[in-house]
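Engineer: Mind looking at a prediction? Sequence and model below.
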Amino acid sequence: MNFHAIKSIYFFEMARTGRTLMQSIVSPVISTTLYFVVFGAAIGSRISEVDGVSYGAFIVPGLIMLSLMTQSLSNAAFAIYFPRFTGTIYEVLSAPISFLEITIAYVAAAATKSALVGIIIFITATFFVPIEVQHPFWMIVFFTLTSVTFALLGFIIGIWADNFEKLQFVPLLIVTPLAFLGGSFYSINMLPEIWQKVTLLNPVVYLISGFRWSFYGQADVSLALSLAMTFLFLAASVFVIHRIFKTGYKLKP
Amino acid sequence: MSAIISVKDLTKTYDSGFSALKSVSLDINEGEVFALLGPNGAGKTTLISTVCGLVRPTSGSITIGGHNAIKDFRAARQLVGLVPQEMPTSPFEPVLNTVQFTRGLFGLPPKPELIESILKDLTLWDKRDNQIMSLSGGMKRRLLVAKALSHEPKVLFLDEPTAGVDVELRHDMWRLVGQLKDKGVTIILTTHYIEEAEEMADRVGVINKGEIILVEEKAELMRKLGRKELTLILHEKMEAVPDALSAFDLVLGPDGKTLTYTYDTQSERTGITTLLTELSNTGIRFHDLQTKQSSLEDIFVDLVKG
């Protein structure tokens, strides 16, 4: 293992976050605060408790997951797309560093950044609503798995995209709707029966459900199913990346 | 001299079906400066990229310092520094960071005194905290050299180091190559310019349409390729070249108003003085003259045909 190289890429990426603090950290905090104001205070005050939890508190795990997913995805996608765009990727590809190490470095950096955002949102939320975490271990498990899985997915998108439009396409047009419809702001029990079934096709439901369970002990689907699905996405992403590296897809002609 | 890079039967066919390299075999000796000449699209960059691990070979083998470039890529790539032809840089990064970053990629611990001396040599030390986008084109190229040197490579690839740079920078680059050679670094550079090969190289390879068509000691090649044409624009139309001038193998232009003399710039006597004296003796007057060196393109045509 070329640990120096992994460290170099990781800290290079983290330094980039440091320089773009407004965009990386401040903007998600502001948008989350807005969600609390709009959904928690304004609309939420008219909604009775959901599964015994106040609406404001109920949406916290969903909000954290929403940020975790979109941030991991866009951080990782941009991190690998930008050097491809500028051409500086040549130095990573010609260095004595394996594809596995490249992936670990970029994905770890993207996951760290989104985790930081997630933690900040968690802390911000405690100022607005009372939050309890019944299963801290499982919370950390879901938190980590989700940030890593979506960073892997973002990494794939960053390699697949050959223009900025494609880079935005998946996060904006696929992941954001799935995240919104995955129960970030509601329990799927609140949906008409037919939509409860349809919703189960949305992979994000399992992530949010498991994460929310770790907070309040309630879930839309079973914990085992949530975990299984999370690992399935992780495995699928790892498989795709493995294929990319095997074939040199878009990286090494 | 032992080969530090050995390329055997290397082919590269891109997915589009384009054959960029057709069974290329080439040995680069340790410590030499090797110039790879070729027109645009000849396969120079593909060859370098394949050796450096940026392009996957279709078949054939590459060894660098005795290490197989694919099976033992870590040891092989560790020896190599690459300065690409395009100038890819991350615009927002500070100079010093990006050079340290490259060293880290090669698995080496930081060595601030080395980085400082490289940046000073390349007159970039004062710019170390500047964002790369604030650098001029020449500085960016020097930065890429600094990055390539940051991990103390034994082999340095310079892909068209002087394409589109001004005379001063071109001379700086030549000087740098000389210094690196003195330190024992093997250098492979690609270029369009014969002049450049002439200035720097020990050996020259010519690649065209994905094939190495010639590898030669520079001195030998210069002798072969150093032909030049002298064209005289005549005052009066001429029907045929006078017998008195037959020794010069002159070519009369189709309109009868030009005489062209081909000579070897590398030879001791070019014969120009004698020719001009003879012309004067035979009373042939001319009102203008021009000389033209065979361009690389001409030479390729010759080589390919020959």
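Structural biologist: Perfect, I can see it now.
Engineer: Residue A:81 is in contact with residue A:161, correct?
Structural biologist: Yes. Counting by Cβ atoms under 8 Å, residue A:81 is a contact partner of residue A:161 at 5.6 Å. (Glycine included, C-beta is placed from N, CA and C.)
Engineer: How is chain B divided into domains?
Structural biologist: The record's domain parsing of chain B by automatic domain parsing lists B:3-224, B:226-305.
Engineer: want to throw the ones you listed into JSON lines with mean neighbour count?
Structural biologist: Converted to JSON lines, those look like this (neighbours: other Cβ atoms under 10 Å in any protein chain shown):
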{"stretch": "domain B:3-224", "mean neighbour count": "19"}
{"stretch": "domain B:226-305", "mean neighbour count": "14"}
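Engineer: So, low pLDDT: which residues of the stretch 1-150 of chain A?
Structural biologist: Across the stretch 1-150 of chain A, nothing is flagged by pLDDT under 70.
Engineer: for the stretch 1-150 of chain B, same thing?
Structural biologist: Low-confidence segments of the stretch 1-150 of chain B (pLDDT under 70): B:1.
Engineer: Tell me the residues of it that contact chain A?
Structural biologist: Within the stretch 1-150 of chain B, the positions lying close to chain A (Cβ under 8 Å from any Cβ of the partner chain) are B:14-15, B:52-56, B:73-78, B:80, B:82, B:84, B:86, B:88-92, B:97, B:100-109, B:147.
Engineer: Just want to know which of residue A:161 and residue A:81 has more residues nearby.
Structural biologist: Between residue A:161 and residue A:81, counted using other Cβ atoms under 10 Å in any protein chain shown, residue A:81 has the larger neighbour count: 24 against 21.
Engineer: mind listing what the more buried one touches?
Structural biologist: Residue A:81 makes contact with A:157-159, A:161, A:167 under the criterion Cβ atoms under 8 Å, 6 or more residues apart in numbering or on different chains.
Engineer: I would like the residues contacting stretch B:14-25, please.
Structural biologist: A:253, B:7-13, B:43, B:46-47, B:50, B:57, B:60, B:207, B:209-212.
Engineer: Give me the subset of those that lies in strands.
Structural biologist: B:7-13, B:60, B:207, B:211-212 (DSSP state E).
Engineer: Pipe the residues you listed into JSON lines and attach distance to residue A:247 per row.
Structural biologist: Below are the ones in strands among the contacts of stretch B:14-25 laid out as JSON lines (distance: Cβ to Cβ, whole Å):
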{"residue": "B:7", "distance to residue A:247": "24"}
{"residue": "B:8", "distance to residue A:247": "24"}
{"residue": "B:9", "distance to residue A:247": "23"}
{"residue": "B:10", "distance to residue A:247": "20"}
{"residue": "B:11", "distance to residue A:247": "18"}
{"residue": "B:12", "distance to residue A:247": "16"}
{"residue": "B:13", "distance to residue A:247": "15"}
{"residue": "B:60", "distance to residue A:247": "19"}
{"residue": "B:207", "distance to residue A:247": "27"}
{"residue": "B:211", "distance to residue A:247": "27"}
{"residue": "B:212", "distance to residue A:247": "29"}
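Engineer: quick check, nearest of those residues to chain A?
Structural biologist: Each of the ones in strands among the contacts of stretch B:14-25 was scored against chain A by Cβ to the nearest Cβ, and residue B:12 proved nearest at 8.7 Å.
Engineer: how far away is the closest residue to the closest one other than its chain neighbours from chain A?
Structural biologist: Distances taken as Cβ to Cβ, 6 or more residues apart in numbering or on different chains put residue B:21 closest to residue B:12, at 4.2 Å, once the chain neighbours are dropped. Residue B:21 sits 12 Å away from chain A, going by Cβ to the nearest Cβ, to the nearest Å.
Engineer: Please apply the same query to residue B:278.
Structural biologist: The gap separating residue B:278 from chain A is 58 Å, by Cβ to the nearest Cβ.
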